[in-house]
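K.L.:
From the sequence below, what's the structure:
(one chain, ligands or ions: 1)
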Amino acid sequence: MSKNVVVYYSKNGSNKYLAEKTAEVLKCEALPLRPRVSPFLLLLLASATKISLGNRTLKIDLNDYDSIVLCGPVWMGLVIAPLSDFIRKHKDDIKKLNFITCCGSTDEGKNDKFGYATVFTKIKELLGDKCGVCEAFPVELVLPEDQKGDDQRMMNTILSDSNFTGEIKARFDAFIGELS
Ligand SMILES: Cc1cc2nc3c(=O)[nH]c(=O)nc-3n(C[C@H](O)[C@H](O)[C@H](O)COP(=O)(O)O)c2cc1C
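P.N.:
Got it, this is the predicted structure:
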């Protein structure tokens, strides 16, 4: 059986939920990335300028793992600094990395400047053939029909056991199936 670990960054909780859900199903640990510098605006700036702020050292050796699931949000169509710092620091130790995100962009807008597919392309550029499955879990999937397209609702909605049902759960189950 392959040895997995989930590594994640989450500001408001949705990607923490997604990471922990993934770890629960894969029966492995979910480890949070802790940026050395935490003010949000600095993280945003570092993400945009690609300046490395670094994360606190993880307590594991990634060489021990066959597969990593990296999980985190999209900001401004960027690979956010905690995630890009993690990839750059550990690229040589990573055997396979699968990327998942709970993000604001929709499936229709995935190829736009701020869309998740744009970020998948950047992750693949960073990782080359070490990049495995990339999957997105847009917040919109958990909004009722009459609230879809409402950016404020989207920003205020956090994944939880009460809304992680239906379409998003089906997509999650399919993602887990793809891993195995
Ligand atoms: C400053 C900021 C910029 C964002 N930009 C994007 C974006 O470009 N594309 C996107 O899909 N979502 C974007 N989002 C939405 C987040 O990806 C979404 O709210 C995510 O679920 C937050 O994850 P978290 O709860 O784990 O922090 C943005 C959110 C913030 C706060």
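K.L.:
Please make it C-alpha for all contacts and neighbour counts, starting now.
P.N.:
OK.
K.L.:
could you list every residue that touches residue 46?
P.N.:
Shown in contact with residue 46 (Cα atoms under 8 Å, 6 or more residues apart in numbering): 52, 53, 81.
K.L.:
Could you export these to JSON lines, including columns for neighbour count and distance to residue 134?
P.N.:
Supplementary listing: the contacts of residue 46 in JSON lines, determined by neighbours: other Cα atoms under 10 Å; distance: Cα to Cα, whole Å:
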{"residue": "52", "neighbour count": "18", "distance to residue 134": "23"}
{"residue": "53", "neighbour count": "17", "distance to residue 134": "25"}
{"residue": "81", "neighbour count": "26", "distance to residue 134": "18"}
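K.L.:
Among those residues, which one lies nearest to the ligand?
P.N.:
Using Cα to the nearest ligand atom, residue 81 comes nearest to the ligand of the contacts of residue 46, at 12.6 Å.
K.L.:
pLDDT value on the closest one, please?
P.N.:
We have a pLDDT of 98 for residue 81.
K.L.:
For it, which non-adjacent residue is spatially closest?
P.N.:
Closest residue to residue 81 apart from its sequence neighbours, by Cα to Cα, 6 or more residues apart in numbering: residue 47 at 4.5 Å.
K.L.:
that older thread, in JSON lines, list the contacts of residue 46 along with distance to residue 129 and secondary structure.
P.N.:
Below are those laid out as JSON lines (distance: Cα to Cα, whole Å; DSSP: H, G, I helix; E, B strand; the rest coil):
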{"residue": "52", "distance to residue 129": "23", "secondary structure": "coil"}
{"residue": "53", "distance to residue 129": "26", "secondary structure": "coil"}
{"residue": "81", "distance to residue 129": "21", "secondary structure": "helix"}
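K.L.:
For the residue nearest to residue 81, give its distance to residue 118.
P.N.:
According to Cα to Cα, to the nearest Å, residue 47 and residue 118 sit 15 Å apart.
K.L.:
Show me which of those two is the more surrounded one.
P.N.:
Just comparing residue 47 and residue 118: by other Cα atoms under 10 Å the higher neighbour count belongs to residue 47, 23 against 18.
K.L.:
got a list of what the more buried one touches?
P.N.:
Residue 47 neighbours (Cα under 8 Å, 6+ apart): 78, 79, 80, 81.
K.L.:
Tell me the secondary structure at it.
P.N.:
Classification of residue 47 using DSSP: H, G, I helix; E, B strand; the rest coil returns helix.
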